[in-house]
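# here is a sequence together with a model predicted from it:
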Amino acid sequence: VCYNEKVSRRILPSICRLSRYRFTTPPPESPSATSSASSASTVSSNPIVNPNSNSNAEVLTQLKLMQKQLNTVHRQTRKTYWRYLFYVLYLTPIFVIWSSVFLWLKRTKKDIMEQKDAYKVINIVTSGIHSTANPDLSHIFSDTTHSISFLKLKKCIEYACNDDTVLGISLITDNGIEIGYAQTQELREELRRFKHEHNNEHKFIAAYGKSADMKEYLLSTVCDEFYLMEPAILNIYGFAFPQLFFKKLFQNIGVKPYVLIGVKPYVLKREKYKNFADTFVEDEMSQEHRDNLSSLGSDLYSQFLSIVYKTLSSNGDERYQSLDDVKEIVNHAPYVSAEAVEKGLITNTMQWKDYQVRLSQLGYQQLQSDSDSEQASEPDILFLSPSEYLTSYEFAEQRDKKKKIGATRSSRSFLKFLGFEDGKEGPQKLPFESTETDTDAKHVEPKQHRAKSRDKHIALINVIGEIHSGESEGTMVGSDTVEHLIRSASANEDVIAMVLRIDSPGGDAIASESIWNAVYDAKVNGKKPIIVSMGDMCASGGYYIASAADKIFALPGTITGSIGVVMMSMSLNELLTEKLHINYDQSVKFGENSDIMLPFEYPTERLQERYETMIEALYQIFMHRVATGRNFDLEHVRNIAQGKVWSGQQAMKIGLVDGLGGLTEAKLAAEQLAGLGKDEHVKLLKYATKMEKFMDMLDGLGDTVATTKYKSSILPILSQFAALLKFKLWITSVHSKMKQFQTMTNEPKPYFLCLDF
C-alpha cells in the first residue's frame, strides 16, 4: 500500500509523525499478543520507558526505513506529476491545432460541396491571368482570388464545358492582360470551344470592362454581350514596333568631349535579318530589319482585323462590308464608351452593379428555359473565380473517385470471400489446379501490368524563358534542368508521349544544342513521340530545340523562326581610361590570343577572323539541325533562315510548323502518334523541377477557396516566408543579369536570340 502512488501522499504525514513518537504504551499487537499480554501480572509504571524497549527500537528503525522509502516514492511521484503536467502542456496545443484543422477542413469541405452542387457563373479577371512560367509571389499571396495561371485557367474552362451546373462565363477586362497576343488567341479558342463544341449553345459568355486594349477586345469578340463602364476607353489602335538605337551613344568620333560613354561594341551576325544587335551598331532600321518587321506586323494586323470583321458582320451590322471598313474604325481609335456603342463595337454601357444584375438575369433565363416545369423557388446562383471553381470541381471529382474505388474493392473482396473472382460466375480454380499451358499463360495480362496501364499519361515539359547553360534560375531556363526532365520522362514507362511547351526568345547556342540532343535522343532511342506547342514566342534558340520534335504546333500570332546566330562583345577601353581614369596593362601574356577573355581592347583582325570561323560553323550546324528535324534540304533552309522572324500563320505556309493550335491540338496529336484510338484519352501531367513544384504548390494554396476565406490566419506566417523567397529570387535574377553582362564583355559568345520586340 505504501508504494501505491495514489495513497502514499495521504499516509506519508501520519507515518512520519508516528516515527517521531515516544511510546508510553506498547504499540498495537496482534490478537495472540494481546491475550499473552493480559496474562502478564505486572506492567511497568514508568510513563517514559516501556518494558518492551527493544521492540520499540526495532519499530522505530523499520519506520525510519519506511520513511526513507516513502520519501523516495514521493520524489518519484513529484517527478511523475511534473511529467504529466509537461505532457498536458505539450499535447494540448497539438490537440487544439489538429482539432481546429479538422473543423476547418470539415467546414471547407461543406463549402466546397455546396459550390459544386450549386448553379454558378465563372468570373475571369483578365488582369489576373499570368503566363505558364512560375508566377510572381505577388500573385500567389494576393488577397484576391482572381489570380490564376494560364494552364489552370485552360483546365478550368475544359471542366466547365461538361459541367451542367455552369450557366456561363463572365470576363472582367481591367488593367490590361499579362499574357501575350498568341496566348490570348489560344484563350479565345478555348472560350469558343466552351460555347460551340460541347452542346453549350444555351450557355452565355459576357464581358465587362473599365477599359479594354487590343488583346482584351480580341477576347470580347467571342462573347454574347460586351459592356463598358460609362467613362471607359476602348483602345483598339493596332500594332507598333518601336526600336531604340545606341550607336551614337557608344561611338567615338575622335573628339574627346563627344566620347559619351567610351564603350565600343563588336558584333557579328548570320545573316542579314538577324537584327538582335542592330540596336548597338546602327542609327536606324536597316532595310532588312524594316522589311522583316513590316511583314510580321502586317500578318498580325490582318489576323486581328479578320476576327473583328467576322464578329461585327455576324451581328448583322451593315456598316461593315469589308476589312477596309474595320481598318477605318481602328485608324480612328481610341474611343470612349459612348462612341463604341454608337459604332457597334460593344453592346452598351453600364455600371458594375447593373452588370451583376444582368448576369443574374442571364442565369435565371437559362434555368427557366432548361427546366420543364416551374420550380417552387428560384435556386441561388454563385459567382466563382476560376480558382474557386477548379478547387470545388477537383475536390468533388476525387471524392467520387475514392467512393467508386472503395465500393469496387469491397465488392471484389466479398466475391473473393464467396469463391468468385473479378465478378465471374462460378468458383475459380486454384493456381495449382490450373490446366493452362505455359504458352497460354503468356497471353494473360498480369494484374500489376493492368494496374499500371491506368497510369499512362503524356508528359508536359515547359521551356519558358531565355536559354542558358546550367540549372534554371528565375526567368532563365537552364539546359541541365530541361535535359534532366526530358530524360526522366523518356525513362518512365508510363509516359506514352511528350509535349514541350516552348515560350522562349532563344539564348546560348551551346545550351540550345544540348537540349536539342536530349530531345532527339528521346525521340529516336526512347521511341516516344515528341510534340512541340509554341507559346507567344519560339524563335532562334527556341526553334532550334523545336526542330527535333515529331510535330510542331504554333498559334497564329506566335513569333517564330529567327534561324541565325549573333555574337557580341563590349570593349571598355575608353570607358576605363578616359572616363574613369583607370589604367590597365596586359603586356604580360603567353599565347597570342590569351587575352581573348579580357574586355579591354577591341578584337584584332586575327581574332575577328577566328570569330568569323566560329559563327559560320555554328550557323551551319543550326541549319543542319533544322534540315534534319524538318526533312528539308539545306538550300531551302537557307532561304527561309537568314535570321527572319515569322508569325505562326506564315511559318505554317513555309513548313516551319505542322499545324496551328495550342496545347489541346498538341495533346491530341501526341495521343494519335502514341497509337491511342480516337475516343481514347490520357492525362497531361506536368514534369517540373523542385522549385517549380514548390511554386505550383503555393499557387494552388493561393487559389483555393479555403485560403481566401481563412487567409487571415495563414498569411501572416506565409507572407514573411514570401518576402524572403521573393528577395532570394530577386538576388538570383540580378546575379544572372550581371553574369550575362560579364560574359558579353569578356568574350564574344554565340547567341541564338530574337529580342526584336
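Perfect, thanks for sending it. Residues are numbered from 1 along each chain as shown.
# bridging residues for the residue nearest to Gly561 when sequence neighbours are not counted?
Among residues not flanking Gly561 along the chain, Trp646 sits closest, at 4.2 Å (Cβ to Cβ, 6 or more residues apart in numbering). In this view, the C-beta of every residue, glycine as well, is placed from N, C-alpha and C. Going by DSSP bridges, Trp646 is paired in beta bridges with Thr560.
# burial check on Trp646, number of neighbours?
26 (other Cβ atoms under 10 Å).
# use 435 as the first number for this chain going forward.
Will do, 435 is the new start, and the previous item becomes Trp1080.
# the strands in the stretch 835-984 of the chain, which residues?
891-898, 900-902, 910-912, 929-938, 940-942, 964-973 (DSSP state E, counting those that start in this stretch).
# ok, back up a step: what's the pLDDT at the residue nearest to Gly995?
Per-residue pLDDT puts Trp1080 at 93.
# list the contacts for it?
Trp1080 is in contact with 730, 993-995, 1088, 1090, counting by Cβ atoms under 8 Å, 6 or more residues apart in numbering.
# for those residues, pick the one with the most neighbours.
Ranked by the number of neighbours (other Cβ under 10 Å), the contacts of Trp1080 place Gly995 first, at 30 neighbours.
# my guess is that one contacts Lys1087. True?
No: assessed by Cβ atoms under 8 Å, Gly995 is found out of contact with Lys1087, at 12.0 Å.
# could you list the low-pLDDT ranges of the stretch 435-584 of the chain?
Low-confidence segments of the stretch 435-584 of the chain, defined by pLDDT under 70, span residues 435-488, 512-513, 536, 538-550, 566-579.
# swap the cut-off to 50 and go again
Within the stretch 435-584 of the chain, the ranges that satisfy pLDDT under 50 run 435-441, 443, 453-485, 568-569, 577.
# and the pLDDT at the residue nearest to Ala1075 when sequence neighbours are not counted?
Among residues not flanking Ala1075 along the chain, Ile997 sits closest, at 3.7 Å (Cβ to Cβ, 6+ apart). Looking at Ile997, its pLDDT reads 92.
# what residues are up against Ile997?
Per Cβ under 8 Å, 6+ apart, neighbours of Ile997: 974, 977-978, 1056-1057, 1060, 1071, 1074-1078.
# which one of those sits in the busiest neighbourhood?
Tyr977 (34 neighbours).
# who's in contact with the closest residue to that one other than its chain neighbours?
Once flanking residues are discounted, Tyr977 sits nearest to Thr994: 5.6 Å by Cβ to Cβ, 6+ apart. Thr994 sits next to 968, 971-973, 976-977, 988, 1079-1082, 1085, 1090-1091 when contact means Cβ under 8 Å, 6+ apart.
# with His1015 instead?
If you count contacts by Cβ under 8 Å, 6+ apart, His1015 has none.
# which SS state does it fall under?
Here His1015 is recorded as coil under DSSP: H, G, I helix; E, B strand; the rest coil.
# thinking Asn749 is in contact with Ile780, fair?
No: between Asn749 and Ile780 there is no contact under Cβ under 8 Å: 11.1 Å.
# who's more crowded, these two?
Ile780 (26 against 10).
# if I look at the more buried one, how far off is Ala893?
Distance of Ile780 to Ala893, computed by Cβ to Cβ, to the nearest Å: 43 Å.
# what count of nearby residues applies to Lys777?
When neighbours are defined as other Cβ under 10 Å, Lys777 has 17 of them.
# what sits against it?
753, 763, 769.
# quick one: the helices in the stretch 835-984 of the chain?
Remark: helices assigned in the stretch 835-984 of the chain by DSSP state H, counting those that start in this stretch are 872-875, 881-887, 913-925, 943-958, 975-980.
# and these as JSON lines, adding distance to Thr1098 and mean pLDDT?
Converted to JSON lines, these look like this (distance: least, Cβ to Cβ, whole Å; pLDDT from 0 to 100):
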{"stretch": "helix 872-875", "distance to Thr1098": "42", "mean pLDDT": "36"}
{"stretch": "helix 881-887", "distance to Thr1098": "24", "mean pLDDT": "40"}
{"stretch": "helix 913-925", "distance to Thr1098": "20", "mean pLDDT": "92"}
{"stretch": "helix 943-958", "distance to Thr1098": "22", "mean pLDDT": "92"}
{"stretch": "helix 975-980", "distance to Thr1098": "18", "mean pLDDT": "94"}
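# of those helices, which is nearest Leu1041?
Taking Cβ to Cβ, helix 943-958 is the member of these nearest to Leu1041, at 18.4 Å.
# what comes up buried for that closest one?
Within helix 943-958, the residues scored as buried using 16 or more other Cβ atoms under 10 Å are 943, 945-950, 952-954, 956-957.
# what helices and strands are in contact with that helix?
Secondary-structure packing of helix 943-958 (3 or more Cβ pairs under 8 Å, 6 or more residues apart in numbering; DSSP states H and E): strand 900-902, helix 913-925, strand 964-973, helix 975-980, helix 1039-1064, strand 1183-1187.
# turn the ones you listed into TSV, including distance to Met648.
Converted to TSV, the helices and strands packed on helix 943-958 look like this (distance: least, Cβ to Cβ, whole Å):
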stretch	distance to Met648
strand 900-902	25
helix 913-925	32
strand 964-973	14
helix 975-980	24
helix 1039-1064	32
strand 1183-1187	26
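# please identify the deepest-packed of the ones you listed.
Greatest average neighbour count among those goes to helix 975-980 (a mean of 32), per mean count of other Cβ atoms under 10 Å.
# which residues outside it are in contact with it?
897, 901, 934, 936-943, 945-947, 949-950, 953, 966, 968, 972, 986, 994-997, 1056, 1059-1060, 1090, 1185-1188.
# and if we set it to 6 Å?
With contact meaning Cβ atoms under 6 Å, 6 or more residues apart in numbering, helix 975-980 is reached by 901, 936, 938, 940-941, 946, 949-950, 966, 972, 986, 994, 1186.
# put the alpha carbons of that helix into CSV.
What follows is helix 975-980, C-alpha atoms only, in CSV (Å, rounded to 0.1, in the frame of the first residue of the first chain):
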residue,chain,number,x,y,z
GLY,A,975,17.3,29.0,-79.9
GLY,A,976,13.7,28.2,-79.1
TYR,A,977,13.1,27.0,-82.6
TYR,A,978,16.5,25.2,-82.5
ILE,A,979,15.0,22.9,-79.8
ALA,A,980,11.6,22.6,-81.5
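# quick one: least confident helix or strand in this structure?
helix 1139-1143 (a mean of 33; mean pLDDT, DSSP states H and E).
# quick one on the thing from earlier: could you redo the buried residues of helix 943-958 as TSV and give each row distance to Asn926?
As requested, those are exported to TSV (distance: Cβ to Cβ, whole Å):
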residue	distance to Asn926
Ala943	30
Ala945	24
Ser946	25
Glu947	25
Ser948	21
Ile949	19
Trp950	21
Ala952	15
Val953	16
Tyr954	18
Ala956	11
Lys957	15
